[in-house]
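Visitor: predicted structure and sequence below. I'll ask about it afterward.
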Amino acid sequence: MKLRGLYAITDSQLLADGKLLPYVEAALKGGARLLQYRDKSSDDARRLREAEALRELCTRYGAQLIINDDAELAARLGVGLHLGQGDGSLAAARALLGRQAIIGGTCHANLDLAAAAIKEGASYIAFGRFYNSQTKPGAPAATLDLLEQAKQRFQAPIVAIGGVTLDNAPELIARGASMVAVIHALFGADSAAEVERRARAFSALFDTV
Ligand SMILES: Cc1ncc(COP(=O)(O)OP(=O)(O)O)c(N)n1
Ligand SMILES: Cc1nc(C(=O)O)sc1CCOP(=O)(O)O
Ligand SMILES: [Mg+2]
């Protein structure tokens, strides 16, 4: 699968009160290619149930499910994984999940971390945060120049994350992002119809830029 387009990431607060499945389905209808299940709770039974439901939705829409932080859950479901710097070894995750799995690594604003992630078998490298993020305000800042340098240095797909909106996504794509990872500007919406509209608009940026 070509890693290009909208990368939607779930948020437990924004998608509470029964919104998880309808809002995710709307994002997938709108063209999201990757969906990350990001749930920081320790309710394993609910996490498994929700991840299974998301996997089934992703299959229906030809998208790929990525689990945040939890290699065991990804292995159990046979789906992809995203690991941050403190979340365990990418090489071990690659050995666990196999060659086909999509595995991403957080590289903050550091090209050396990206080189190491690729060496360990990452399918994509993620840089951020590029703008003010309501979801993760304390994340270290990355710049458009760094993005351009990463594009020149690496062939691996580049994911840009952190405060991404419909207004700033075009410059990220123009400077080298193959995917934009979005939480608030996608799921901070009043209705599933609005999520779908936003997802379509994000996806369309990849046709034109
Ligand atoms: C696509 C993508 N990029 C970066 C992150 C951040 O991962 P991490 O640094 O491990 O932080 P948490 O998301 O676990 O809080 C991500 N999840 N996805
Ligand atoms: C989960 C996460 N990681 C980041 C990083 O920079 O590594 S920024 C971020 C939050 C992204 O959410 P929003 O689109 O609402 O800003
Ligand atoms: Mg993490």
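Guide: Looks like it came in fine. Ligands and ions are numbered 1, 2, ... in the order given.
Visitor: per-residue confidence averaged over stretch 21-35?
Guide: Stretch 21-35 shows a mean pLDDT of 99.
Visitor: and it, how far apart are its ends?
Guide: 12 Å (Cα to Cα, to the nearest Å).
Visitor: would you mind listing what in this structure touches ligand 1?
Guide: 7, 36, 38, 68-69, 82, 84, 87, 104, 106, 126, 128, 159, 161, 181 (Cβ under 6 Å from any ligand atom). C-betas here are computed from N, CA, C, even on glycine.
Visitor: give me the neighbour count for the residue in the chain that ligand 3 sits nearest to.
Guide: Ligand 3 sits closest to G84 of the chain, with a gap of 3.3 Å, by Cβ to the ion. By other Cβ atoms under 10 Å, 14 other residues sit near G84.
Visitor: show me what contacts it?
Guide: Neighbouring residues of G84 by Cβ atoms under 8 Å, 6 or more residues apart in numbering: 69, 105-106.
Visitor: ok so, going back, which of the residues of the chain next to ligand 1 fall in strands?
Guide: The members of the residues of the chain next to ligand 1 that map onto strands under DSSP state E are 7, 36, 68, 82, 104, 106, 126, 128, 159, 161, 181.
Visitor: most surrounded residue in those residues?
Guide: Counting neighbours by other Cβ under 10 Å, the one among those with the most is Y7, which has 32 neighbours.
Visitor: that one contacts Q36, doesn't it?
Guide: Yes. Applying Cβ atoms under 8 Å, one finds Y7 in contact with Q36, separated by 6.8 Å.
Visitor: who touches the lowest-mean-pLDDT helix or strand in the chain?
Guide: Taking mean pLDDT, DSSP states H and E as the measure, helix 192-208 is the helix or strand of the chain with the lowest mean score, a mean of 96. With contact meaning Cβ under 8 Å, 6+ apart, helix 192-208 is reached by 4-6, 8, 19, 22-23, 25-32, 166, 169-170, 173, 180, 182, 185-187, 189.
Visitor: what about these, which are in strands?
Guide: Filtering those for strands - DSSP E - leaves 5-6, 8, 180, 182.
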